[in-house]
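**Q** below: sequence and its predicted model.
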Amino acid sequence: MEEYIEKANVLIESLPYIKEFYNKVFVVKFGGNAMSDENLNREFARDIVLLKYIGINPVIVHGGGPQIEELLARLEIETKFVDGLRVTDAKTMEIVEMVLVGKVNKEMVALINSVGGDAVGLSGKDGGLIMAKKMMHKKSSAVGGEMIDMGLIGEITEVNPKIIHILDANKFIPVIAPIGTDKDGNTYNINADTVASAIASALQAEKLLLLTNVSGVLDKNGKLLSTLNKESALRMIKSGEINGGMIPKVNCCIDALKGGVKKAHIIDGRIVHALLIEIFTKTGIGTQLI
């Protein structure tokens, strides 16, 4: 009996959050280790379906780096990297689009549908969702900042969320691959965190949630920071306290906040039900940026 009472208490604790977030939009970026773990994948899909059924409108943006790497290796296509960024030529872009849009996206849609959801797969090409242009990268090691042509890596110029509004209004769950296009029809590969941030801003989302392979933002002593305002975050980046791969994630969160998103969260996607714990409990599980 105690076990059932505890379960009931969990539901009661979540009630104020369910009421607060009813009919709000949450943009969730899903990728990394969680995407390659079958159990985490399935539980993530269940969490998303639960959010939809209690009146929250989740919008998913996914990555697919490991899957792209695997197919490129199998096809023996070599890739050049500059400062950790993949130089994407036409042949590589073809593989990237094939994996992200044709494989990863459809697998995620099928999984969500298999656990009771109604998901629809999109890329930035659908309905003019993501317009982009070629990104020029300033090489970090170059004197004076040499600009490098990264090929078909893109930066977002505009997000048109009309198709997402239509899907939300009809109770569908949008699942978006981070591919954009320009007015001439050229295809660009775009960082999934950046896409999630831009879409969250365009939708004026209640939350942006980035699922990562770390517990969140840590201070200089390695302690998890449960809440961080954007001024403190910028100060920590400048001092080097926030470094490496966490910098672009925090910057994406800051951009989302500037764009009108209420809160942004960086949470550990390796933990089962991390999404629900962060949203429906007092303490949460990662770092929220406000």
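**A** Happy to help now that I have it.
**Q** contacts and neighbour counts: CA atoms only from here.
**A** OK.
**Q** would you mind measuring from V115 to N41?
**A** The gap separating V115 from N41 is 11 Å, by C-alpha to C-alpha, to the nearest Å.
**Q** F172 now?
**A** With C-alpha to C-alpha as the criterion, F172 and N41 are 19 Å apart.
**Q** more neighbours: those two, which one.
**A** N41 (22 against 19; other C-alpha atoms under 10 Å).
**Q** that one reaches M35, doesn't it?
**A** Yes - taking C-alpha atoms under 8 Å as the definition, N41 is a contact partner of M35 at 5.6 Å.
**Q** dump the residue contacts of M93.
**A** L152, T187, Y188, N189 (C-alpha atoms under 8 Å, 6 or more residues apart in numbering).
**Q** quick one: name whatever helix or strand follows the strand or helix carrying it.
**A** When elements are assigned from DSSP states H and E, M93 belongs to helix 90-97. Next in sequence after helix 90-97, counting helices and strands by DSSP H and E, comes helix 105-114.
**Q** now do the buried residues in that following helix.
**A** Of all the residues in helix 105-114, those buried under the rule 16 or more other C-alpha atoms under 10 Å are N105, K106, M108, V109, A110, L111, I112, N113.
**Q** packing partners for it?
**A** Counting contacts by 3 or more C-alpha pairs under 8 Å, 6 or more residues apart in numbering; DSSP states H and E, helix 105-114 is packed against helix 38-53, strand 119-123, strand 173-177.
**Q** ok, back up a step: mind listing what's buried in the helix holding M93?
**A** In terms of neighbour count (16+ other C-alpha under 10 Å), helix 90-97 has its buried residues at T92, M93, I95, V96, E97.
**Q** now for V217, how many residues are close by?
**A** 28.
**Q** which residues touch it?
**A** Counted by C-alpha under 8 Å, 6+ apart, V217 has contacts L224, L225, I242, M246, I266, G286, T287.
**Q** ok, now with 10 Å
**A** Residues near V217 by C-alpha atoms under 10 Å, 6 or more residues apart in numbering: 223-228, 233, 241-243, 246-247, 249-250, 265-267, 286-289.
**Q** ok, it to M35 distance?
**A** Distance of V217 to M35, computed by C-alpha to C-alpha: 21 Å.
**Q** same thing with S14?
**A** S14 is 26 Å from M35, by C-alpha to C-alpha.
**Q** more neighbours: which of those two?
**A** M35 (23 against 16).
**Q** just to be sure, that one is in a strand?
**A** No - the assignment for M35, made by DSSP: H, G, I helix; E, B strand; the rest coil, is helix rather than a strand.
**Q** which residues in the chain form strands?
**A** Ranges of strands in the chain, per DSSP state E, are 25-30, 57-62, 81-82, 85-86, 119-123, 130-138, 147-159, 173-177, 179-181, 187-189, 207-212, 227-228, 263-268, 287-289.
**Q** so what's I60 bridging to?
**A** The partner list for I60 in beta bridges (DSSP bridges) reads V28, V175.
**Q** look up how far K80 lies from it.
**A** I60 is 29 Å from K80, by C-alpha to C-alpha.
**Q** and the longest helix anywhere in the chain, what does it pack onto?
**A** In the chain, taking DSSP state H as the definition, the longest helix is helix 2-21. Helix 2-21 sits against helix 274-280, with contacts defined as 3 or more C-alpha pairs under 10 Å, 6 or more residues apart in numbering; DSSP states H and E.
**Q** which elements pack onto the helix it packs on?
**A** helix 2-21, helix 38-53, strand 207-212, strand 263-268.
**Q** need the ones you listed in TSV with distance to K125 and mean pLDDT, can you?
**A** Listed next are the helices and strands packed on helix 274-280 as TSV, based on distance: least, C-alpha to C-alpha, whole Å; pLDDT from 0 to 100:
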stretch	distance to K125	mean pLDDT
helix 2-21	30	86
helix 38-53	24	95
strand 207-212	22	96
strand 263-268	26	96
